[in-house]
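# please work out how this folds:
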Amino acid sequence: MSLRVVGPSRRGPVHPMSQNNRDTRAFRPVDRSRGIPEDVLLRVVDLHTRFRTDVGTVEAVDGVSFDLRRGEVFAIVGESGSGKSITAMSILGLVPSPPGSVDSGQVIWKGKDLLKATPEELRSIRGRDIAMIFQDPMTALNPVHTVGRQIGEVVRIHEGLSSRAARRRAVELLGMVGIPRPESRVDDHPHEGGINH
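Numbers count the residues shown, from 1 in each chain. Got it, this is the predicted structure:
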């Protein structure tokens, strides 16, 4: 499963589920009166994430709730600053603390509240079960390390591969997404060899 966070570019602190921004035809509130249906993979309930700054507290995510069902394509769409990325980062335990904190809510994945998960538990889920596609993929890779090293690190962690096997898998993955000459590109840094085009 991947959680893709998308939205237009425009400044302004608009909450993605505010009355002015909500399409009630597409919005399905979470039914908390019963247990979680079998087809629900991810349930987010009343999620609140705040950032404490020198000028006050910013309510970045204010009561977001949704169910993501098996086989469903789900996107969080809203204006810039509306909380799309922070919602996804909250789900994955990636909110920088300080200044941010997930103050309340539930994120239920396979019967477990991810907001109560240990860092080790979250690491085992991130990238394997739940992934985030950042809005600017050009900044997703570290320019200091080779592409192969960064892809290899992910497959070593999640697939338990040796360094040599992880490098082979990185070459395979680069080829699958259409990178020409993946055998040589695996040793390039993100900004080299046209990988970013």
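# from now on I want contacts and neighbour counts done on CA atoms only, so please keep to that.
Noted.
# helices of this protein, residue ranges please.
For the chain, applying DSSP state H gives helices covering 84-91, 119-125, 147-159, 163-176, 182-185.
# deepest of these, which one?
Ranked by mean neighbour count under mean count of other C-alpha atoms under 10 Å, those are led by helix 84-91, which reaches a mean of 23.
# low-scoring stretches of the chain, by residue?
Of all residues in the chain, those with pLDDT under 70 make up the ranges 1-34, 133-139, 193-197.
# what's the separation between the residue positioned nearest the centre of the chain and Ile86?
The structure's the chain has its C-alpha centroid closest to Met132; by C-alpha atoms, centre = their mean the separation is 2.5 Å. According to C-alpha to C-alpha, to the nearest Å, Met132 stands 11 Å off from Ile86.
# quick one: the nearest residue to Thr87 once chain neighbours are set aside and Glu38, what's the gap?
Using C-alpha to C-alpha, 6 or more residues apart in numbering and skipping the chain neighbours, the partner closest in space to Thr87 is Val61 (6.3 Å). Note on Val61: its distance to Glu38, by C-alpha to C-alpha, is 27 Å.
# between these two, point out the one with more neighbours.
Per other C-alpha atoms under 10 Å, whichever of Val61 and Glu38 has more neighbours is Val61, with 24 against 9.
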